[in-house]
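K.L.:
Provide a 3D model corresponding to the input given below.
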Amino acid sequence: MNILAKLKETTLSVLPIILIVFVLHLSIAPLGWQVFGGFVIASLFIILGLSLFLTGIDIGILPTGELIGSKLTSKRNLPLLLVSALIIGTVATIAEPDVIVLADQITSVDSSIPRLPLIIMVSVGIGMMMLIGFLRIVLSLSYHVILIISFTILFVLAAIARPEHVAMAFDSGGMATGPLVVPFIMAMGIGVAAIRSNSTAEEDSFGLVGLCTIGPVAAVLILSLFTPGTEEHSAIATTAAEQVNLFGQALGPIIKDTIVQVALALFPLIIIFMIFHFVIIHMSKFRLIKMFEGLAYAFIGLILFLVGVNGSFVPIGRELGFLAATNASPPILIIIAFFLGAVIVLAEPSVWVLANQVAEISGGRIARKTLLISLSIGVAIASSLSMLRVITGFSIWLLLLPGYGIALLLARFSPKLFTSIAFDSGTVASGPMSCTFILALFLGTSQALKGNPATDAFGLVSMIVLLPIITVESLGVLYNIKEKKLRRLSTKSQDGGK
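P.N.:
Numbering: from 1, shown residues only. Model prediction:
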């Protein structure tokens, strides 16, 4: 049982948030000690809940997904593989905690977007891109070409969608690929890439997660085309008393609603697993018991996580943003955002896994420390630019167009493997903390500044996804330069020795 390891990981992820809230509480955003105490309790809910959820993934859900992937690939039936990718990607995303949080955050500021269709569209978007990603691996299609085609389609959709939904759409890509979906995608991607067993199998095993972030963006933009839009924005609580009541007196209804929500999210996944069990994988009794044990951990963990998020974490994040914007100047807000981004990305355990991965692939030429510092600076810049958007209200297009233009240009000069890892790294950086607390803080800041949270605050996650892509690709270009220099020195040495 690795629950203690998961507790350590999630504690390290949440602890920086608690410390930052404590400092803000003592300085520019006084919450009151009763409210801060409620926030600490909510943080414990999140730590325990996320730990149980991740443990459930490890002992029951992920092994079942890997077994399904290996059985499907061994049958060498391409139509079956693609249809299964679509179904599994869609169903797993419905149960993704970050998607549930995404739907709540969006509907809290824009009531014109229906919650259930939003979750379904985002989930289908992941499933469709899993299908395309598997097709790319099997047919050896160019990753760079698919990226260019995909982003061309995205920007065309964004140009004709409702302007107030563009930032939300691009945020949905990073939020939809969370702690449940990513392990599924990676496990199945590695299995499919292993079929070919050639020189490109390693680089093909990366990049699938990055492709899958495109699907939710397209899905929300398409949903926007059929959404009437509204000028009304839901009110955000702005008093400490309201936050206490939300976590105190309203805790019972929150727990009840969350249990129903989680049951409806996990039920389709259970059905899919059982269908695959009886039709394709035929699990042993032991494996079947472990699967249900994992689902039970995930069920309890997801309830605790969402109760902590909805009961106090998000509303107090909004309250902090509101108070900070009321009591501090814009430059101070930008500095706070910069510091938040720099600290939070280093608290994500997946970021450290990525750093080890890049160091190993580069043979130590790109040190782990170099990547971590680069990612920290990148996300800090992303967070501060997003806060500048909240303050000034300038269009998200001014960041997205040049940003992805640079990313696609770098993809021409960065090694293919680094490009694949780069597009995966954005989803790694946009973890549960940025998708919940920091976004909530930005929503509260926008409310205090009399802005439009739908257009100004959303866009944060999309920037946290974008900057690490540019960072890792830049390191790939640097790696290429070092490799060429070493080859030239080696050639000169050999020529001199003759």
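
K.L.:
tell me, how many residues neighbour residue 114?
P.N.:
14 (other CB atoms under 10 Å). Every C-beta, even on glycine, is put in place using the N, C-alpha and C of the backbone.

K.L.:
who's in contact with it?
P.N.:
Going by CB atoms under 8 Å, 6 or more residues apart in numbering, residue 114 touches residue 107.

K.L.:
show me where pLDDT drops low in the stretch 201-350 of the chain?
P.N.:
201-205, 229-250, 349-350 (pLDDT under 70).

K.L.:
okay, helices next: where are they in it?
P.N.:
Under the criterion DSSP state H, counting those that start in this stretch, the stretch 201-350 of the chain carries helices at the ranges 201-204, 208-212, 214-225, 240-247, 251-276, 285-308, 314-327, 330-346, 349-361.

K.L.:
right, so those helices: which one is the most enclosed?
P.N.:
Most buried of the helices of the stretch 201-350 of the chain, by mean neighbour count (mean count of other CB atoms under 10 Å): helix 208-212, with a mean of 27.

K.L.:
including distance to residue 24, could the helices of the stretch 201-350 of the chain go into CSV?
P.N.:
Below are these laid out as CSV (distance: least, CB to CB, whole Å):
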stretch, distance to residue 24
helix 201-204, 43
helix 208-212, 33
helix 214-225, 31
helix 240-247, 13
helix 251-276, 24
helix 285-308, 19
helix 314-327, 6
helix 330-346, 8
helix 349-361, 23
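
K.L.:
compare the ones you listed and give me the one nearest residue 134.
P.N.:
Residue 134 sits nearest to helix 208-212 of all those, at 7.9 Å, using CB to CB.

K.L.:
buried ones in stretch 82-98, by neighbour count?
P.N.:
82, 84-98 (16 or more other CB atoms under 10 Å).

K.L.:
and of the residues you listed, the nearest to residue 466?
P.N.:
residue 98 (17.5 Å).

K.L.:
among the helices of the stretch 201-350 of the chain, which is nearest residue 151?
P.N.:
The nearest among the helices of the stretch 201-350 of the chain, by CB to CB, is helix 214-225 at 7.5 Å.

K.L.:
which strands and helices sit next to the closest one?
P.N.:
helix 115-139, helix 143-160, helix 163-176 (3 or more CB pairs under 8 Å, 6 or more residues apart in numbering; DSSP states H and E).

K.L.:
which among the helices of the stretch 201-350 of the chain is found nearest to residue 125?
P.N.:
Of all the helices of the stretch 201-350 of the chain, it is helix 214-225 that lies closest to residue 125, at 3.1 Å by CB to CB.

K.L.:
re earlier: quick one: closest of the helices of the stretch 201-350 of the chain to residue 72.
P.N.:
Of these, nearest to residue 72 by CB to CB is helix 251-276, at 8.8 Å.

K.L.:
now the angle from the closest one to helix 115-139?
P.N.:
Going by axes from the mean of the first three to the mean of the last three CA atoms, to 10 degrees, helix 251-276 is angled at 30 degrees with respect to helix 115-139.

K.L.:
so helix 251-276 versus helix 285-308, what angle?
P.N.:
150 degrees.

K.L.:
in the chain, where's the longest helix?
P.N.:
Longest helix of the chain, by residue count under DSSP state H: helix 460-497.

K.L.:
what angle separates that helix from helix 214-225?
P.N.:
150 degrees.

K.L.:
chain center to helix 460-497: distance?
P.N.:
Its chain's C-alpha centre and that of helix 460-497 lie 26 Å apart, by CA atoms, centre = their mean, to the nearest Å.

K.L.:
swap in stretch 99-114?
P.N.:
16 Å.

K.L.:
so which bits of it are buried?
P.N.:
So stretch 99-114, judged by 16+ other CB under 10 Å, has buried residues 99-106, 108-110, 112-113.

K.L.:
tell me the buried residues in stretch 404-414?
P.N.:
For stretch 404-414, by 16+ other CB under 10 Å, it's 404, 407-408, 410-411, 414.

K.L.:
quick one: the residue nearest to residue 188 when sequence neighbours are not counted from residue 60, how far?
P.N.:
Using CB to CB, 6 or more residues apart in numbering and skipping the chain neighbours, the partner closest in space to residue 188 is residue 69 (3.9 Å). Distance of residue 69 to residue 60, computed by CB to CB, to the nearest Å: 15 Å.

K.L.:
cool, and residue 449?
P.N.:
From residue 449 to residue 60 the distance is 45 Å (CB to CB).

K.L.:
cool, and residue 141?
P.N.:
34 Å.

K.L.:
have a look at these two and say which one is more surrounded.
P.N.:
Remark: of residue 141 and residue 60, residue 60 carries more neighbours, 23 against 14, as counted by other CB under 10 Å.

K.L.:
wait, the more buried one touches residue 301, no?
P.N.:
No. Applying CB atoms under 8 Å as the test, residue 60 and residue 301 come out as separate, 11.7 Å apart.

K.L.:
show me what contacts residue 181?
P.N.:
By CB under 8 Å, 6+ apart, the residues touching residue 181 are 89, 92-93, 96, 126, 212.

K.L.:
with residue 154 instead?
P.N.:
Residue 154 neighbours (CB under 8 Å, 6+ apart): 214, 217-218, 221.

K.L.:
give the rounded mean pLDDT of stretch 404-413.
P.N.:
Average pLDDT, stretch 404-413: 90.
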